[in-house]
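S.K.: take this sequence and fold it.
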Amino acid sequence: MNENKKMTSIARKINMHFWLKLFSDIIVLNIFLFFMIAGTFFYWRESKLPAGSHVEDRYFTNETLTHETLYVIETTDGESYSYPIAEFTGYLIIPVCLLVAFEVMHLFFSLFHTGRIRKKMRPLNELAIKAQQISTAPLDSTKFDNLEHAIANISPTAPDARISTGDTDLQSIEIALNNLLARMQASKMQQMRFVSDASHELRTPISVIQGYVNMLDRWGKEDENVLNESIEALKHESDHMKELIEQLLFLARGDSGRNTLRYTEFDLNEVIKEVWEESVMIDNLHPYIFEPDAPAMLQADTAMLKQSVRIFVQNAAKYSHNGDTIKMGVKKDSNSVSYIIQDEGIGMQESEVVHIFERFYRSDEARNENTGGSGLGLSIAKWIIDAHNGTITVLSRPELGTRFTVTFPLQRKSL
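M.R.: Numbering: from 1, shown residues only. Sure thing, here's the model as predicted:
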């Protein structure tokens, strides 16, 4: 019992260390974004000065009557130009609020990784107990002095960190320690890659929003077409950021074990049929075919399973040409039930298939097609299917299409 409490305490300290590192990274990112936006504002305002003007002074002031903050530029020829700050900051409220909401939620869920760290530390705790047992045996104490020295001089964050004493009696302990180090390094790299990719994906819509804000300021006040185009673009990019943040939060909750599955028994044919009917109604560019099977009863979370089907169907439509057929079917055998989503689209190379469920991954051809998306859809679908102990089989050929076969065992395993 005392060992468990001690390991939990250590896990909390490790989790807090990583949380503080994540917090500092977010602060640095926000400071960078702030200076980038401020620099853009100052450059933009000075670029609007008449040709040949030279800046003599810049300062901020408050308008007495309206209590509005103004940015004032005075030139050497005695002219003064003032710009309301609220006119610029008003366009940033929505993306900034969305960004802050994502950061707060990500920091919040990162506080609850103690259990996962404790689970990963369990082999190390067992190893320590075993080492203690071995130490009571009549062995040469120098062996453990060498092991202690090797552990003390290792850097766990180094990519090539390995423990080696050259002692065959300690080889099994070294293997266990090195495996633990490898898992820690892989986990750290995955977290860093996730934060980096998320920051990159959020930076893109912010840049688009800034571009349209600039266009609005230059021409939108007089040109109604520019105004309408900019408003639609701002709404689209805000919706894209909202969808991206919701997807990131879903995966963050999944990683922290906070997505709850609500199991009910239902016929898989009915779920696939509902998605088929939705697809026929909202997409008139592709013919959809539904091929049901005998009643295929399954215990699963209906809403999440339907979400996974939608993701595969939307993916099929996105990467298919207009007029390409999309098939949706159900298969049942004595041990499992499956659903199949098949398209006649652009397909994928075998080297791409192995990466499609990685977060933020999109193939080069998919990007060239300007299909958009965040690269998180298939990652979410895989999480849902893994949570139901299902498996995904992918068959794809370039220019012939792709088939996803999702299979669930009839007897649900305990989670």
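S.K.: residues near S207, how many?
M.R.: S207 has 12 neighbouring residues, counting by other C-beta atoms under 10 Å. From N, CA and C alone the C-beta is placed, and that goes for glycine too.
S.K.: confirm that Y339 lies within a strand, as I assumed.
M.R.: Yes. Judged by DSSP: H, G, I helix; E, B strand; the rest coil, Y339 forms part of a strand.
S.K.: go ahead and confirm it touches K273.
M.R.: No. The pair Y339 and K273 does not pass the contact test of C-beta atoms under 8 Å, sitting 10.8 Å apart.
S.K.: who has more neighbours out of those two?
M.R.: Y339 (26 against 15).
S.K.: for the more buried one, give the beta-bridge partners.
M.R.: Per DSSP bridges, the residues bridged to Y339 are V330, V406.
S.K.: how about the strands in the stretch 301-415 of the chain?
M.R.: Per DSSP state E, counting those that start in this stretch, the stretch 301-415 of the chain carries strands over the ranges 326-332, 336-342, 391-397, 401-409.
S.K.: so which of those gets nearest F312?
M.R.: Among those, the nearest to F312 by C-beta to C-beta is strand 336-342 (4.1 Å).
S.K.: which other helices and strands does the closest one contact?
M.R.: Applying 3 or more C-beta pairs under 8 Å, 6 or more residues apart in numbering; DSSP states H and E, one finds that strand 336-342 contacts helix 268-282, helix 302-318, strand 326-332, strand 401-409.
S.K.: quick one: P50 is in a strand?
M.R.: No. Secondary structure assignment places P50 outside any strand; it is coil (three-state DSSP).
S.K.: and for it, the neighbour number?
M.R.: P50 has 9 nearby residues by other C-beta under 10 Å.
S.K.: middle-most residue in the protein, spatially?
M.R.: Centroid-nearest residue in the chain: L248, 4.5 Å away (criterion: C-alpha atoms, centre = their mean).
S.K.: buried sites along the one helix or strand that residue maps to?
M.R.: If you go by DSSP states H and E, L248 is part of helix 224-255. By neighbour count on 16 or more other C-beta atoms under 10 Å, the buried set for helix 224-255 is 226, 230, 233-234, 237-238, 240-241, 244-245, 247-255.
S.K.: angle of it against helix 302-318?
M.R.: 130 degrees (axes from the mean of the first three to the mean of the last three C-alpha atoms, to 10 degrees).
S.K.: quick one: mean pLDDT for helix 224-255?
M.R.: The average pLDDT for helix 224-255 rounds to 74.
S.K.: equivalent analysis for stretch 348-356, please.
M.R.: Stretch 348-356 comes out at a mean pLDDT of 88.
S.K.: for stretch 123-134, same thing?
M.R.: Stretch 123-134 comes out at a mean pLDDT of 68.
S.K.: by contact count, what packs against the helix holding L248?
M.R.: Here helix 224-255 touches helix 93-110, helix 171-215, helix 377-387, going by 3+ C-beta pairs under 8 Å, 6+ apart.
S.K.: show me how far the last one is from its chain's centre.
M.R.: For helix 377-387, the separation from the chain centroid amounts to 12 Å (computed by C-alpha atoms, centre = their mean, to the nearest Å).
S.K.: excluding its own residues, what touches it? List them.
M.R.: Here helix 377-387 makes contact (C-beta atoms under 8 Å, 6 or more residues apart in numbering) with 247, 250-251, 254, 259, 261, 301, 304-305, 307-308, 311-312, 314-315, 356-359, 391-392, 406, 415.
S.K.: buried stuff in it?
M.R.: So helix 377-387, judged by 16+ other C-beta under 10 Å, has buried residues 377-385, 387.
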